[in-house]
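In: Have a look; sequence and predicted model below, questions after that.
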Amino acid sequence: MIRILRQILRTGIVTGKTPQVDDPNIKTKGINLEDTVKKCFRRSLTVREVDAGSCNGCELEIHAINNPVYDCERLGIHFTASPRFADVLLVTGPVSTNMEIALRRTYDATPAPKIVIAVGDCACNGGIFGETYASLGGIDKVIPVNVYIPGCPPTPADILNGFYKIFL
C-alpha cells in the first residue's frame, strides 16, 4: 500500500487540459441546433441509441459527442435507456438477423413522431457486411430512416450535423 502511495506522489497529476474544438462550423451549427431543439422539442431532444449488430466503431464516436469537447448536453440532446421516452432512434450497424425483431420492437415502442437516424456506412447500406445469411443489410430494410450519416465511422462533428439535418 505504501509503495502505491509513493508511486502516486512521484508521478503527480498526468491529466491534460481538455482540447478545444477548432472547427468554427461546430460552434455555429451548435448554436443553431440548440435554438432549434428548444423551439421544436420545448427543452430537449431525447435519443435512444440502438446497436443493430455493428463493430462498435460508430458507438465510440457517439460516446464522443457526449464528452466535454463536443458536449451534446449543452445543445439539448440527452440520451435515454428507454425507447418509450425517446424522440430519436440513433441506429448503428447492419441489422443482424438476431436483432431484427428487437429493432422492430424498439421502433414500435418509440412514440410518434418517430425520427430514425442511421449512423455509419453499415447502417446506411450494409457497409462491409452487406447482405448475408447473418446480416439483412441497411437499417432501411427493417424500419424507415429519416437521416443518413455516412462514414466508417463518422466523426462526432458529422453526427452532430446529422442531428441538425432533422430540422432542415
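Out: Thanks, I have it. Quick caveat: nothing in here was measured; it's all calculated off a predicted structure.
In: When you work out contacts or count neighbours from here on, use the C-alpha atoms and nothing else.
Out: Noted.
In: Read off the pLDDT value for the most centrally placed residue in the chain.
Out: Closest residue to the average C-alpha location of the chain: Ile62 at 3.8 Å, with Cα atoms, centre = their mean. Note on Ile62: pLDDT of 90.
In: and it, that's in a strand?
Out: No - assessed by DSSP: H, G, I helix; E, B strand; the rest coil, Ile62 does not belong to a strand; its assignment is helix.
In: what's the closest non-adjacent residue to it?
Out: In this structure, Ile62 finds its nearest non-sequential neighbour in Pro156, 6.5 Å apart by Cα to Cα, 6 or more residues apart in numbering.
In: so the residue nearest to the centre of the chain touches Ile159, yeah?
Out: Yes - applying Cα atoms under 8 Å, one finds Ile62 in contact with Ile159, separated by 7.4 Å.
In: Where does pLDDT dip in the protein?
Out: The chain contains residues with pLDDT under 70 at 13-43, 167-168.
In: if you set the cut-off to 80 instead, what comes out?
Out: 1, 4-5, 8, 11-44, 74-75, 166-168 (pLDDT under 80).
In: Which parts of it are helices?
Out: 2-11, 24-40, 57-64, 100-109, 121-125, 156-165 (DSSP state H).
In: which strands and helices sit next to the shortest one?
Out: This means helix 121-125. Counting contacts by 3 or more Cα pairs under 8 Å, 6 or more residues apart in numbering; DSSP states H and E, helix 121-125 packs against strand 88-92, strand 147-149.
In: what sits against the residue lying closest to Ile166 once chain neighbours are set aside?
Out: Excluding its sequence neighbours, the residue lying closest to Ile166 (Cα to Cα, 6+ apart) is Val147, at 6.8 Å. Neighbour list for Val147: Val116, Ile117, Ala118, Gly162, Lys165, Ile166 [criterion: Cα atoms under 8 Å, 6 or more residues apart in numbering].
In: What's opposite Val147 in the beta bridge?
Out: For Val147, the beta-bridge partners are Ile117 (DSSP bridges).
In: So which of the helices and strands packed on helix 121-125 is nearest Phe129?
Out: strand 88-92 (12.7 Å; Cα to Cα).
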